[in-house]
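Asks: here are the coordinates; sequence isn't available:
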């Protein structure tokens, strides 16, 4: 099975567009996406808190991710319950994977924190 394509916004955050510029050169992205925005009004306070955490942790999310993110927030809050089933845990894991929020994806995304400058950067320029 082929590996799913990395979304353009995630590739930009992770630096993949710099490393593999040719792979992303002709890729089209939707121009109609809006920012992620505020949580749904009908969500509970705990779910809205989860929404804000996800929005901070995953800066590449946009309005197209809202329905999946809502499900992720609902399931994140349910994880605190003692009677969470395996099916819900698997569903939560699948949603996190689709949002690019799994631990494997986290190692690929650079959030720009504690970036040490490399003296050699003065001699190289990006393409």
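Replies: Looks like it arrived, so ask away. Everything numeric in this text was worked out from a predicted model, so none of it was measured.

Asks: how about low-confidence regions in this structure?
Replies: For the chain, the stretches flagged by pLDDT under 70 are 1, 28-32, 105-127.

Asks: which residues in it form helices?
Replies: According to DSSP state H, the chain carries its helices in the segments 8-14, 16-19, 21-24, 45-57, 66-78, 86-98, 103-108.

Asks: of these, which approaches residue 35 most closely?
Replies: helix 45-57 (9.2 Å; Cβ to Cβ). Backbone N, C-alpha and C define where each C-beta goes, glycine included.

Asks: now the helices of the chain in CSV, with distance to residue 33?
Replies: Formatted as CSV, those follow (distance: least, Cβ to Cβ, whole Å):
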stretch, distance to residue 33
helix 8-14, 9
helix 16-19, 17
helix 21-24, 17
helix 45-57, 14
helix 66-78, 11
helix 86-98, 16
helix 103-108, 20
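
Asks: And the nearest residue to residue 46 once chain neighbours are set aside, how far from residue 63?
Replies: Using Cβ to Cβ, 6 or more residues apart in numbering and skipping the chain neighbours, the partner closest in space to residue 46 is residue 77 (4.6 Å). Relative to residue 63, residue 77 is positioned 22 Å away (criterion: Cβ to Cβ, to the nearest Å).
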